[in-house]
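*Asks:* Build the 3D model from these lines:
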Amino acid sequence: MSDIDKKEENVELHSTFSKDNIDTHQILSQITSINGRVVDITGDVDEAMKYALDTEDVELTDADAKKLLRKIDIFLLPLICLLYALQFMDKVSSSYAAIMGLRTYYNMHGNQYSWAGSSFYLGYLIFEFPISMALQRFPVAKMTGIFIVLWGTILCLHATPANYAGFITLRTLLGIFESAVTPAMVIITGQWYKADEQFLRTAYWFACNGFGTILGSSIAYGLAIRQGSYSMDAWKVLFIVIGCMTISVGIMIFFHIPDLPVKAWFLNETEKKQVVVRIKSNQQGFGNRHFKFHQLKEALLDVNTWIYFFFAVATDIPNGALTNFGSILLSETFGYSPTKSLLMNMPGGAVELVGCILFAYLQKYFKHKLAISAGSMILTLVAVCMLAFALDSPNARLAGYYLFYISPVGMICCLSCFTSNVAGHTKKITVNALYLIGYCVGNLVGPQTFIAKQAPEYRGGQISMVVCYAVSVVLNLWLYYNYWAENKRRDQLQAEGKLELPHIDNIEFADLTDKENVNFRYKL
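*Replies:* Model (predicted):
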């Protein structure tokens, strides 16, 4: 679909899609976008279209919908949640290893450990957009499974470098391959779930970072207290154990998760058609494998794209700092022994696991997920203020440290917004990729705010966390207002009869962007 000034001459326009005119670049119809521009509807449609054409006689009762949703949850969520727990364990494994002897083994001094943390996100940053393009072009579940096996192998190899340069190279490679997981999960969630279901499901799998913290801390503690029982250092065993677990889950993802819902081995033929009917209300489908330049341009010119980007930078500077320095803070600032510090990470994981899901459940009562996200950001701001400024109260500082683990609610909200509020598949992967690039920038900068000469308090790092979360609250509220105002504008134009509503069957799967589709409304 491209914007044009007038209808092309000698073009026969159709008002419906058929199996004869989809998967082509033939212009089938034209509509007027929300901004008054004429948009071509072509046969280059969403992959769901070919299946939607066979669903005209399919019924989906409320009972059928509930049964189908339960089945999808049972077959998808447990494995996705386990994957997300493991990817977080992989990411923070260096934090555990740091207090188990890693820094001493490589004779790290100055800010070398900070760069070991930042190198992961350097690889993530450089390859985020290319890998997002690959996920658009190739079967998403198969590609994801391959990347998981590769990064699990890289993690196992963390036990082998003889010097610091080798270790930091492996951390960079780990970031490259792990950059596939979040965009893949966003795509899969959008394929299977309705817009009003996506926030809670995203919270389920993202909150399992907390389970990863609990499990990773337990494994690290068990290895640390038996240092003399192995033929190699305990921190090397840690990398191998977590890496092997990751490889196993990657193989399961490859064979278990279908690339499209209509190819699911666990659904019968009727259920496969019902899946397509179920997601029509999203005004988008499974995705389109062709890169569309005009959607890239729209994404780059959309102010909300850049709000997402800077929100990611602001929230992930503190995240990058505590991901790499959390165990060190507990050991050096709060005075716990190295092994006790590993155990003291576990309550934070529990806060994340339970707290993020509880915040997502609030949507059932308050409806607006962006308002819930803003509330969580304010709570996180209070938490980092406690950590940074309650210098005379160790218990208050520790409480602030643990409350910080509620901060992922903001990212969960953004990820669910990409599935529900960004339409057009190329636009969706572009906005998602730019957000994750911002995520990388924040996580790259974060460890550098914890300067070695400021140990053990790291005052500069703690104050930077306060500033970043103050900014994130403002950005969150700005995004909320933009979506609310645009919905109000569209509703008013429709009420006044100023919107040209298209009457084309299955237009939901025409791969229109949210700005091209006048029927589209943003989920607040």
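*Asks:* Could you pull up the residues touching A470?
*Replies:* Neighbouring residues of A470 by C-beta atoms under 8 Å, 6 or more residues apart in numbering: L381. C-beta coordinates here come from the backbone N, C-alpha and C atoms, glycine included.
*Asks:* so how far is I412 from it?
*Replies:* In this view, A470 and I412 are 20 Å apart by C-beta to C-beta, to the nearest Å.
*Asks:* What of K142?
*Replies:* 26 Å.
*Asks:* Neighbour count: those two, which is higher?
*Replies:* The neighbour count for K142 versus I412, taken as other C-beta atoms under 10 Å, is higher for I412 (27 against 15).
*Asks:* Just the C-alphas of the helix or strand containing the more buried one, formatted as CSV.
*Replies:* Assigned by DSSP states H and E, I412 belongs to helix 408-421. The C-alpha trace of helix 408-421 is given here as CSV (Å, rounded to 0.1, in the frame of the first residue of the first chain):
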residue,chain,number,x,y,z
PRO,A,408,9.7,-4.2,34.2
VAL,A,409,5.9,-3.3,34.2
GLY,A,410,6.9,-0.4,32.0
MET,A,411,8.6,-2.5,29.4
ILE,A,412,5.8,-5.1,29.6
CYS,A,413,3.4,-2.4,28.7
CYS,A,414,5.5,-1.2,25.8
LEU,A,415,5.9,-4.7,24.4
SER,A,416,2.2,-5.3,24.5
CYS,A,417,1.6,-1.9,22.9
PHE,A,418,3.7,-3.0,19.9
THR,A,419,1.4,-6.0,19.4
SER,A,420,-1.9,-4.0,20.0
ASN,A,421,-1.1,-0.4,19.0
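*Asks:* which is the next helix or strand following it?
*Replies:* Following helix 408-421 toward the C-terminus (DSSP H and E): helix 425-448.
*Asks:* Which positions in that next one come out as buried?
*Replies:* Judged by neighbour count (16 or more other C-beta atoms under 10 Å), helix 425-448 contains these buried residues: 425-448.
*Asks:* can you give me the angle that helix makes with helix 408-421?
*Replies:* 170 degrees (axes from the mean of the first three to the mean of the last three C-alpha atoms, to 10 degrees).
*Asks:* With F286 as the reference, measure out to the residue nearest to the spatial centre of the chain.
*Replies:* Compute the mean C-alpha point of the chain, and by C-alpha atoms, centre = their mean the closest residue is T182, 4.2 Å away. T182 is 18 Å from F286, where distance means C-beta to C-beta.
*Asks:* and what of G117?
*Replies:* 36 Å.
*Asks:* show me where pLDDT drops low in this structure?
*Replies:* Within the chain, the stretches with pLDDT under 70 are 1-15, 324.
*Asks:* Tell me where it has strands.
*Replies:* Remark: strands assigned in the chain by DSSP state E are 3-4, 27-32, 38-42.
*Asks:* right, so of those, which gets closest to E516?
*Replies:* Of all the strands of the chain, strand 38-42 sits nearest to E516, with 4.9 Å by C-beta to C-beta.
*Asks:* and the closest one, what does it pack onto?
*Replies:* Applying 3 or more C-beta pairs under 8 Å, 6 or more residues apart in numbering; DSSP states H and E, one finds that strand 38-42 makes contact with strand 3-4, strand 27-32.
*Asks:* give the contact list for the spatially closest residue to A383 that is not a sequence neighbour.
*Replies:* Leaving aside its sequence neighbours, A383 sits nearest to L403 (C-beta to C-beta, 6 or more residues apart in numbering; 3.5 Å). Applying C-beta under 8 Å, 6+ apart, one finds that L403 lies in contact with 351, 379-380, 382-383, 386.
*Asks:* and the residue lying closest to A396 once chain neighbours are set aside, how many neighbours does it have?
*Replies:* Residue nearest to A396 in three dimensions, not counting chain neighbours: A390, with 3.9 Å by C-beta to C-beta, 6+ apart. When neighbours are defined as other C-beta under 10 Å, A390 has 15 of them.
*Asks:* how many other residues sit next to L69?
*Replies:* For L69, the tally of surrounding residues (other C-beta under 10 Å) stands at 16.
*Asks:* I misspoke; the intended subject was E332.
*Replies:* 17.
*Asks:* Would you mind giving both backbone torsions of the nearest residue to it once chain neighbours are set aside?
*Replies:* Nearest non-adjacent residue to E332, counting by C-beta to C-beta, 6+ apart: P456, 3.7 Å away. Dihedral angles phi and psi of P456 (degrees, to the nearest 10) take the values phi -90, psi 0.
*Asks:* show me what contacts W478?
*Replies:* By C-beta under 8 Å, 6+ apart, the residues touching W478 are I307.
*Asks:* from now on call the first residue 503
*Replies:* All set: I'll call the first residue 503, so the last point we hit is now W980.
*Asks:* what separates I727 from T715, distance-wise?
*Replies:* Taking C-beta to C-beta, one finds I727 at 19 Å from T715.
*Asks:* rewinding a little: closest to Q865 among the contacts of L905?
*Replies:* Taking the contacts of L905 together and measuring to Q865 by C-beta to C-beta, the closest member is L881, at 16.3 Å.
*Asks:* so the closest one touches I908, yeah?
*Replies:* Yes: using C-beta atoms under 8 Å, L881 is in contact with I908, at 5.9 Å.
*Asks:* These two: which is more packed in?
*Replies:* I908 (23 against 17).
*Asks:* dump the residue contacts of the residue nearest to the more buried one when sequence neighbours are not counted.
*Replies:* Distances taken as C-beta to C-beta, 6+ apart put G857 closest to I908, at 4.5 Å, once the chain neighbours are dropped. The contact partners of G857, by C-beta under 8 Å, 6+ apart, come to 709, 907-908, 911.
*Asks:* Of the residues you listed - the most surrounded one?
*Replies:* Greatest neighbour count in the contacts of G857, by other C-beta under 10 Å, goes to V911: 29 neighbours.
*Asks:* Give the full set of residues in contact with it.
*Replies:* 705, 857-858, 861-862, 874-875, 878-879.
*Asks:* now swap in D566 and tell me
*Replies:* Shown in contact with D566 (C-beta under 8 Å, 6+ apart): Q776.
*Asks:* gap between it and Q786?
*Replies:* Remark: distance between D566 and Q786 (C-beta to C-beta) = 22 Å.
*Asks:* One more: V743?
*Replies:* The gap separating V743 from Q786 is 40 Å, by C-beta to C-beta.
*Asks:* neighbour count winner among those two?
*Replies:* Q786 (30 against 20).
*Asks:* sorry, back to before: enumerate every residue touching the residue nearest to the centre of the chain.
*Replies:* Contact analysis of T684 by C-beta under 8 Å, 6+ apart lists 917, 934, 938.
*Asks:* Next one: the second one from K1000, what distance?
*Replies:* Read it as N934. Note on N934: its distance to K1000, by C-beta to C-beta, is 32 Å.
*Asks:* Next: the last one.
*Replies:* Note on L938: its distance to K1000, by C-beta to C-beta, is 37 Å.
*Asks:* same thing with V933?
*Replies:* For V933, the distance to K1000 - C-beta to C-beta - is 28 Å.
*Asks:* ok, the residue nearest to A697 when sequence neighbours are not counted - contacts?
*Replies:* Once flanking residues are discounted, A697 sits nearest to S922: 3.9 Å by C-beta to C-beta, 6+ apart. When contacts are counted by C-beta under 8 Å, 6+ apart, S922 touches 692, 697, 700-701, 784, 1024-1025.
*Asks:* Kindly reformat the contacts of G857 as CSV containing distance to Y985.
*Replies:* CSV is the format used below for the contacts of G857 (distance: C-beta to C-beta, whole Å):
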residue, distance to Y985
A709, 24
Y907, 27
I908, 23
V911, 17
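*Asks:* Closest to K866 out of those?
*Replies:* Using C-beta to C-beta, the contacts of G857 come closest to K866 at V911, 15.1 Å.
*Asks:* Compute the number of surrounding residues for the residue lying closest to the closest one once chain neighbours are set aside.
*Replies:* Spatial nearest neighbour of V911, chain neighbours left out: S878 (3.6 Å); criterion: C-beta to C-beta, 6+ apart. Other residues near S878 come to 24 when the count uses other C-beta under 10 Å.
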